[in-house]
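> 3D, please:
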Amino acid sequence: MTINWLHLSDLHLIYDNYDTTIMRERMLRYLGEKIEHNFDIVFISGDITHQGKGYNDGVYQFLEEILDEIKVTKENVYIVPGNHDIKRSKLMERLINDILGSKNAKDEMNALDEETYGVLLAGQEEYYKFYEKFLERPHPKGNPHFVVETENYNIIHINTSLISGIANAEGNILVGLGNLYKALREITEQNEKVNFAIGHHTINCINTFEKQSLLHRFSDHKIDFYLNGHVHQASYHHEVNNYNSTFMFTAGANMIDDYAQATFLSGTVDTENGNGKVTYHSWHKDHEYWYINNTIGRETVDGCYYCNLERFEKKKSEAKSVIDNELKIDVKVDENDFRNFLIDFYEVIQSEKEVTENLIPKDVENKFINMICSPTLSLQYDQCSTLFPIVNMILNSSAYVGIEKKLLIPNLIMSEYMEVLYDFPNGDLIFRAIRNTLVNRYKDQVHYNEDRVKFYITVLIFWSIYECNIFNDDKRIKGVTV
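Predicted coordinates:
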C-alpha cells in the first residue's frame, strides 16, 4: 500500500501580520486544489503557538480548516511540542543551565528525579491541554516520548523541547535517551512497518553528548523517517553511517518575516517496495503564490527528494526469490499425460457444484498489470499456454466430459480465488495460494507424483486466467490491495 502524509512545522499561529494572513489563506486553497493525492496522515512538528503564548480560538480554527480541506480525521494527526510551546520560568532556566553545566549532560539528564523532571514538564502544561482539546484524545502520561502503533506504520513522538526553555538552545538540546529508549522498546520487534519519528529540533540541534547515541537508536529501531522543523528553513539529510539508514526532512515555517521560509512538505512511501518521495511546497513572497520548490538542494531539482527504504527493498527481493522458486517448472511436458490427468481430475471433482457462465477470453497482459504480477509469472504463463488447446478440447468434447460438468474446473478455481483475493497484495501470491491449496487437497486422489500434480494445476490456473474466470480485479486500486 501507499502512505501519503503532510508535514507542517513552526506554525506560530499567534504570530500574525498582513503577509502571513495572505500566505495562510492561499495555503488552504492550495492544499485543496493543487495536491493531486489524498493524505492519510498529518504531522505537526512543533511551535503551534508563538513565544509561549496561549492557544486561542484562531489556533484551533486554522488547524480545523486544514483538516477539512484535506479530509483527514484527527485520529490520523500526530503532534509534538516545540520550544515556542513552552512557558519559561526562572526556575526552569536555572535547572537547564545546571544540567548543561554538568560534566556529562547525557547522564545528568537520564538521572533526573521525578520532582526535577516535573519542573521541565510544567512548562508544557498548556501544550498538553491544547493537544487533548484539539485531538480529542488523552496525551500519554509518564513519559514525554511515546509511540503510536497502527496497522501499517508506527509514529515515534520525540519531545525535543524539554530543555529548550533558554536562549541559544541550538546544539544543546537533550532528549533524555533513557526515556526515549523505553518508548522505542514498545515497537514490535519483528517490525515490518514504516517507522516515522517526529520531533521539533533537527539532528544538528542535539547536544554532542546525546547526538551519536540518538542516531544509534534511530538505526537499531529502524526509524525510516525523522520529520522536524525549528530552523524555519527547509532541508533534507540522509543518515547512512549505521546499520539502518534514516531519512531526515525539515519543514520550513508558516509565517512571514525577514528570515522564515514558508514551506510545508508532502510525502509518500510505497510499503511494498520502500520507494518514497518528499515534495517541498513553498510560498513565493514577492508574487504571493504557492509552488513546488526545486531550490532546496541538488537532490531536489524537480522539487522532490526521492528515497528508497532498503529494508523494504530487501524484503521484496527475498519474497520475489521465494515466489520465483515456487513458480519454476521442471516437469517435462507430455501432452498425452496431461490429457489423461485432466480426465482423471474430472473424475475426482465430480462432487463440485457446476456453474452456468460463459467464459470470454480477456487481455491477460492487462490482467497481470492490474494484479501487480511479476515478469516471472508472465513467463510461466507463456510456457503453460501451449497446453491450453488440450484443456479446451477436453471440455468441448462430450466424449471426455459431460456437458453438464464442463465448468467444474473453472468453478473450483474461481472458488479458491475468491477465498484468497483479499488476503494477498498481488497476483503472484494469490496464484501461489490457489495452487498450493489445490495441490494439497488432491495430490493423494490422483495417481501422479506431487511435482506433476503441481505443474498440471498450474496450467489449469493459468488457463482460468486466460478464460476470464479469475484475475479480473485491480490490486492497484486503494482499498483492494491489503
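> how about stretch 434-445: buried residues?
Using 16 or more other Cβ atoms under 10 Å as the burial criterion, the residues of stretch 434-445 that qualify are 434-435, 438-439, 442-443. (Each C-beta comes from the backbone N, C-alpha and C, glycine too.)
> want to throw those into TSV with secondary structure and pLDDT?
Conversion of the buried residues of stretch 434-445 to TSV gives the following (DSSP: H, G, I helix; E, B strand; the rest coil; pLDDT from 0 to 100):
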residue	secondary structure	pLDDT
434	helix	93
435	helix	93
438	helix	92
439	helix	91
442	helix	89
443	coil	87
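> out of those, which comes closest to residue 349?
Compare each of these with residue 349 using Cβ to Cβ and the shortest gap goes to residue 442, at 7.7 Å.
> neighbours of the closest residue to residue 87 other than its chain neighbours, how many?
In space, residue 87 comes closest to residue 52 once its chain neighbours are excluded; the distance is 4.6 Å by Cβ to Cβ, 6 or more residues apart in numbering. As a burial measure, the neighbour count of residue 52 was computed by other Cβ atoms under 10 Å and equals 16.
> again, but for the one 3 residues further on
Summarising burial for residue 55: neighbours were counted as other Cβ under 10 Å, giving 20.
> give me the secondary structure label for the closest residue in space to it that isn't next to it in sequence.
Spatial nearest neighbour of residue 55, excluding adjacent residues (Cβ to Cβ, 6+ apart): residue 130 at 4.3 Å. Reduced to three states with DSSP: H, G, I helix; E, B strand; the rest coil, the structure at residue 130 is helix.
> isn't residue 130 right up against residue 59?
Yes: counting by Cβ atoms under 8 Å, residue 130 does reach residue 59; the two are 7.4 Å apart.
> looking at these two, which has the bigger crowd around it?
In terms of neighbours (other Cβ under 10 Å), residue 130 is the more surrounded of residue 130 and residue 59; the figures are 22 against 19.
> tell me the contacts of the more buried one?
For residue 130, the set of contacting residues under the criterion of Cβ atoms under 8 Å, 6 or more residues apart in numbering consists of 48-49, 55, 59, 85.
> would you mind measuring from it to residue 410?
If you measure residue 130 against residue 410 using Cβ to Cβ, to the nearest Å, the figure is 60 Å.
> ditto for residue 10
With distances taken as Cβ to Cβ, residue 10 is found 60 Å from residue 410.
> the more surrounded of the two?
Ranked by neighbour count (other Cβ under 10 Å), residue 10 and residue 410 place residue 10 first, with 31 against 21.
> isn't residue 108 right up against residue 97?
No: between residue 108 and residue 97 no contact is recorded; they are 11.6 Å apart, counting by Cβ under 8 Å.
> which of these two has more neighbours?
Between residue 108 and residue 97, counting by other Cβ under 10 Å, residue 108 is the more crowded of the two (16 against 12).
> would you mark the buried spots in the longest strand seen in the chain?
Taking DSSP state E as the assignment, the strand of the chain that covers the most residues is strand 275-284. Neighbour-count burial for strand 275-284 flags 275-276, 278-283 (criterion: 16+ other Cβ under 10 Å).
> packing partners of that strand?
When contacts are defined as 3 or more Cβ pairs under 8 Å, 6 or more residues apart in numbering; DSSP states H and E, strand 275-284 sits against helix 18-33, strand 246-250, strand 263-270, strand 289-292, strand 304-308.
> strands paired with the second one, and their directions?
Which is strand 246-250. According to DSSP bridges, the neighbouring strands of strand 246-250, each with its direction, are strand 225-228 (parallel), strand 235-239 (antiparallel).
> before we move on, the earlier item: contacting residues for the residue nearest to residue 87?
Listed by Cβ under 8 Å, 6+ apart, the contact partners of residue 52 are 84-88, 123.
> understood, closing this out.
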